[in-house]
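> model this:
(4 chains)
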2 protein chains.
Amino acid sequence: MGRKRFDQMSCSVAQALEVLGDWWTLLIVREAFFGTRRFSDFSRHLGLAKNTLSDRLSHLVENGILERVDSGKTGTRYEYRLTAKGHDLLPVLTALRQWSDEWVYGEGAEPTIVRDRATGRRLPKMVPRDVEGRELSSRDLFAEPGPGADDELRQRFEVAWRRRIERRAQAG
Amino acid sequence: MGRKRFDQMSCSVAQALEVLGDWWTLLIVREAFFGTRRFSDFSRHLGLAKNTLSDRLSHLVENGILERVDSGKTGTRYEYRLTAKGHDLLPVLTALRQWSDEWVYGEGAEPTIVRDRATGRRLPKMVPRDVEGRELSSRDLFAEPGPGADDELRQRFEVAWRRRIERRAQAG
DNA sequence: TAATCTGGTTGCTTTAAAAAACCAAACTCA
DNA sequence: TGAGTTTGGTTTTTTAAAGCAACCAGATTA
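Presented below is the predicted three-dimensional model:
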């Protein structure tokens, strides 16, 4: 029956993955942040099949993450450039990179190091913080249904809320 | 020839995707953050095929993101719980969710809203910041080869560096 | 004791991604 | 000006991954 889509899920993470979750897609975006703009450069640097690259680029353009602009005088050379929506994926890529640096490669084995251009210091770890800048863990956060929540999601929040109380009672 | 792997790439993002990039995987992790622990609950809530769920859970356990613990007295009921490595994916999921809330759903249409438990205020947007807490854009950052970089990556940095200078010259 | 729940596995089918070949327009350079 | 190369793809064929359905054994519930 092939692959299921996440379209119908009322969940921001699911919708993000519907756009970014295909194999290769996020690496293409990373490559774009690195400064790559041309079809042939993406192809060479990533080593993916050209039809797949073509699909992914089209998909990213359709979803407003890249824009395809004519770069030759004649209209047969193109560049794929990050849009504002695309540039705003920096926090996602940064969080992924930092997680991997810490947990997959480990400190002292990072393939690339990111620094603040102004000071030369390493980019601090991105974590959720409150308005005063204090770090927040998942235990400091709670979620509630938003304006776009459907009935199923509202119900799930209720279940999760009840379960949380039970667990707290059990744990003493 | 089936799907290519990212194993050989010297890149943290690629390695992160090697662990997290399969279809469904990140939704399973999101579900775990929501409090889901049981096979049957993952299956019901996500609606994915059970063999795929089984594969993904095993993969997440192998990679130290979930741990499988006996929950019954007899050893036939299990729970899948986030490890420290798993919990540390919170920044990744949060960044993804916030991007999608902003760019896919748009303000006022978010399916779920995340708040600071202590104050009840909405979680501010996660962005890269310097040590003083100032926001940094991609233009404020630069990357350099780290201790784990291979020759290919070092060369790519040199090319990117040259290209950057050229572009700056062109732009005036 | 029968039925149901749990946490899967097995077998088969469909879809998606890979490689390789191909292509037309444009540019390069001799 | 003409041969060869670059660019940005598309087409065709293979293979891997994801889906459904059926099945299963041990534990729990009625």
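
> Tell me if I am right that A:Ile113 is in a strand.
Yes. In this structure, A:Ile113 lies within a strand as judged by DSSP: H, G, I helix; E, B strand; the rest coil.

> Apart from its neighbours in sequence, what residue is nearest it?
Closest residue to A:Ile113 apart from its sequence neighbours, by Cβ to Cβ, 6 or more residues apart in numbering or on different chains: B:Gly146 at 4.3 Å. For glycine as for every other residue, the C-beta is placed from the backbone atoms N, C-alpha and C.

> what domains does the record give for chain A?
With automatic domain parsing serving as the domain definition, the record reports that chain A contains domains spanning A:12-83, A:89-128.

> Could you work out which of those reaches nearest to B:Lys50?
Using Cβ to Cβ as the criterion, the shortest distance between B:Lys50 and those is 19.3 Å, found for domain A:12-83.

> Next, count neighbours for A:Thr76.
Per other Cβ atoms under 10 Å in any protein chain shown, the neighbour tally for A:Thr76 reads 8.

> tell me the SS of it?
Taking three-state DSSP as the rule, one finds A:Thr76 in the coil state.

> ok, so what distance separates it from DNA strand C?
Counting by Cβ to the nearest atom of the strand, to the nearest Å, the separation of A:Thr76 from DNA strand C is 4 Å.

> how about A:Gly35, phi and psi?
With angles defined as degrees, to the nearest 10, A:Gly35 shows backbone torsions of phi 120, psi 0.

> buried sites along stretch A:57-77?
The neighbour-count check on stretch A:57-77 (16 or more other Cβ atoms under 10 Å in any protein chain shown) flags A:57, A:59-60, A:63, A:65-66 as buried.

> Can you confirm whether that stretch lies near DNA strand D?
Yes. Contact between stretch A:57-77 and DNA strand D, assessed by Cβ under 7 Å from any atom of the strand, occurs at A:57, A:68, A:71, A:76-77.

> Let's see which of the buried residues of stretch A:57-77 end up in strands.
Secondary structure assignment by DSSP state E places A:Leu66 of these in strands.

> And the buried residues of stretch A:57-77, which two are furthest apart?
When Cβ to Cβ is used, the two most widely separated members of these are A:Leu57 and A:Asn63, lying 10.9 Å apart.

> List the contacts of A:Arg163.
Applying Cβ atoms under 8 Å, 6 or more residues apart in numbering or on different chains, we find A:Arg163 in contact with B:Gly35.

> show me what contacts the residue nearest to A:Ile113?
Shown here is B:Gly146, whose contacts under the criterion Cβ under 8 Å, 6+ apart are A:109-113.

> could you redo the last one with a cut-off of 7 Å?
Contacts for B:Gly146 (Cβ atoms under 7 Å, 6 or more residues apart in numbering or on different chains) come out as A:110-113.

> Tell me which of the domains of chain A sits nearest to A:Trp161.
Among the domains of chain A, domain A:12-83 comes nearest to A:Trp161, with 19.5 Å by Cβ to Cβ.

> Would you mind measuring the gap between the ends of the closest one?
Looking at domain A:12-83, the gap from its leading to its trailing residue is 20 Å under the measure Cα to Cα, to the nearest Å.

> A:Thr76 and A:Asp55, how far apart?
Relative to A:Asp55, A:Thr76 is positioned 20 Å away (criterion: Cβ to Cβ, to the nearest Å).

> Oh, that last question was meant for A:Arg134, not what I typed.
Plainly put, A:Arg134 is 43 Å away from A:Asp55 if you go by Cβ to Cβ.

> and if you look at A:Arg5?
As judged by Cβ to Cβ, A:Arg5 and A:Asp55 stand 15 Å apart.

> Surely A:Arg81 is in a strand?
Yes. Counting by three-state DSSP, A:Arg81 falls inside a strand.

> So it is in contact with A:Val69, correct?
Yes. Here A:Arg81 lies in contact with A:Val69, judged by Cβ atoms under 7 Å, at a distance of 6.2 Å.

> Any idea which residue of chain A lies closest to DNA strand C?
Among residues of chain A, the one nearest DNA strand C by Cβ to the nearest atom of the strand turns out to be A:Gly2. It sits 1.8 Å away.

> what about A:Arg134 and A:Asp55, which has more around it?
Using other Cβ under 10 Å as the criterion, A:Arg134 and A:Asp55 rank with A:Asp55 on top: 14 against 11.

> list the contacts for the spatially closest residue to A:Arg77 that is not a sequence neighbour?
Closest residue to A:Arg77 apart from its sequence neighbours, by Cβ to Cβ, 6+ apart: A:Ser71 at 4.8 Å. The neighbourhood of A:Ser71, defined by Cβ under 7 Å, 6+ apart, consists of A:77-79.

> go on, A:Val127?
Remark: with contacts taken as Cβ under 7 Å, 6+ apart, A:Val127 is in contact with A:135, B:91.

> Does A:Trp99 touch B:Ala16 like I think?
Yes. Between A:Trp99 and B:Ala16 there is a contact at 6.1 Å, judged by Cβ under 7 Å.
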